[in-house]
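Undergrad: Here's a sequence, model it:
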Amino acid sequence: MSIQEQQFVKEKYYTEAVRYMDNAKGSLQLAKKEGKFYQDAKYVKTACGTAYSGLLVALDGYLMLKGINYPKKKVRKSIEFYQENISKIDKKMLDHLIGAYKILHLYGYYDGILVASVIKDGFDLANKIIEKIKPNVEYRV
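TA: Prediction:
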């Protein structure tokens, strides 16, 4: 993959992942935080599901940059696919992925946990992964 193609992939996937995260933050604001807890599980679940989807978009771009493609069969993407492939590339990113998966997808989306600090940790982990595909910014005069 040429440098221009890599830059295009980074821009495309990074922009989309950030858009998901911005939408997730908007949903989280609707959950109305009081003290250490959010008040509306529906919006927390929506925010966590959206943030997790943004994380997967970023991982798709990251794996594409590393030359890893999905199996040819029409199968649903699984967390195991991401874990297996990320584990071969970056162990620290794997830790972030597992943490974000558990917090955003399992605890936030499925269980509807309302603890604000836990949700924030999930968002932080997702953002660390998204930053891995941040495009290089060229300054032109």
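
Undergrad: The residue nearest to the spatial centre of the chain is in what secondary structure piece?
TA: In the chain, the residue lying closest to the centroid (CA atoms, centre = their mean) is residue 55, at 1.4 Å. Element membership of residue 55 [criterion: DSSP states H and E] is helix 41-65.

Undergrad: what's that helix packed up against?
TA: On a contact count with 3 or more CB pairs under 8 Å, 6 or more residues apart in numbering; DSSP states H and E, helix 41-65 meets helix 3-30, helix 79-87, helix 91-100, helix 116-131. For glycine as for every other residue, the C-beta is placed from the backbone atoms N, C-alpha and C.

Undergrad: and with 6 Å instead?
TA: Applying 3 or more CB pairs under 6 Å, 6 or more residues apart in numbering; DSSP states H and E, we find helix 41-65 packed against helix 3-30, helix 116-131.

Undergrad: chain center to it, what's the gap?
TA: From the chain centre to the centre of helix 41-65 is a distance of 4 Å (CA atoms, centre = their mean, to the nearest Å).
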